[in-house]
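Q: Quick check, what structure comes out for this input:
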Amino acid sequence: MPGPMIPHPNFFPPAGAVVDRTDSQVTWNGRQWVKKNKVVNVSGHDLVGKPGTSFAGWYFDWRAQKWMEPGKTPASSPQSQTVVIDRSRQPMERTMTNKPAICNTNNPLQFLPPGTGQLVGGLLIAIAELTDPPEYPPFSADMTDFQRDQIERIHTINKERYDKRADRLRSAGFALLGVSAAAAAQQTR
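A: Coordinates of the predicted model:
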């Protein structure tokens, strides 16, 4: 029975110690994966230790983003063997119901730390006020009327988008400030 896998975060194996089983033309040079002298992306590939080396049995765990080394096999004596049950792999009991969560309060910010609503509301208003609108583009003398009209049209569209975005940010910021102020007033009663 093999032992537990030992993770190695931020580990770079030596050159040639690991291979890509998905594409045999890809090689490891100690820092990056290379194919025909070009760096390649091996995301999702089956990366393992090279058989016959000290890295045999190693593999790259894409979820954990770590190289995993096989642990040492525990020495077993013939007279006693300990059975270890891994409870993390057993199915968990479901305790959740299919009922939607109902908020029984007038304060939608009740689950946030105090002052969060004011902080976020103030930041949204500050972003709306401090963001510069799009500048009017300069025209050169050799531009045609069609090019100028196109540039003006694009600038007008960008300006309208900026105004809408700023209005939304201000509205959301003031709404958060209002809800936060109302919640604070209710708490002080």
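
Q: Show me where the chain has its helices.
A: 116-130, 145-188 (DSSP state H).

Q: any idea of the mean pLDDT in the last one?
A: Spelled out, that is helix 145-188. Taken as a whole, helix 145-188 has an average pLDDT of 86.

Q: now swap in stretch 37-45 and tell me
A: 88.

Q: Now do the buried residues in that stretch.
A: With burial defined by 16 or more other Cβ atoms under 10 Å, the residues of stretch 37-45 counted as buried are 40, 42, 45. (Glycine included, C-beta is placed from N, CA and C.)

Q: Look at the residue nearest the centre of the chain and report its pLDDT.
A: Centroid-nearest residue in the chain: residue 63, 12.5 Å away (criterion: Cα atoms, centre = their mean). With respect to pLDDT, residue 63 scores 86.

Q: That one and residue 164, how far apart?
A: 40 Å (Cβ to Cβ, to the nearest Å).

Q: before we move on, what about residue 50?
A: Applying Cβ to Cβ to residue 50 and residue 164 gives a distance of 58 Å.

Q: Comparing these two, which residue is more hemmed in?
A: When residue 50 and residue 164 are compared for neighbours, residue 50 comes out ahead with 15 against 10, by other Cβ atoms under 10 Å.

Q: Return the residues in contact with the more buried one.
A: 16, 17, 18, 19, 56 (Cβ atoms under 8 Å, 6 or more residues apart in numbering).

Q: can you rerun that using 10 Å?
A: By Cβ atoms under 10 Å, 6 or more residues apart in numbering, the contact set of residue 50 is 13, 16, 17, 18, 19, 28, 56, 58.

Q: Residue 25 now?
A: 34, 35, 36, 40.

Q: nearest to residue 121, of those?
A: Set against residue 121, the nearest of these by Cβ to Cβ is residue 40 (47.2 Å).

Q: what pLDDT does the closest residue to that closest one other than its chain neighbours get?
A: Leaving out its chain neighbours, the residue that sits closest to residue 40 by Cβ to Cβ, 6 or more residues apart in numbering is residue 33, at 5.4 Å. With respect to pLDDT, residue 33 has a value of 90.

Q: wait, isn't residue 33 in contact with residue 42?
A: Yes: under the criterion of Cβ atoms under 10 Å, residue 33 makes contact with residue 42 at 4.6 Å.

Q: OK, contacts around the closest residue to residue 47 other than its chain neighbours?
A: Once flanking residues are discounted, residue 47 sits nearest to residue 60: 3.9 Å by Cβ to Cβ, 6+ apart. Residue 60 makes contacts with 8, 11, 13, 18, 20, 42, 45-49, 66-68, as judged by Cβ under 10 Å, 6+ apart.

Q: of those, buried ones?
A: Counted by 16+ other Cβ under 10 Å, the contacts of residue 60 give 13, 18, 20, 42, 45, 47, 48, 49, 66, 67, 68 as buried.
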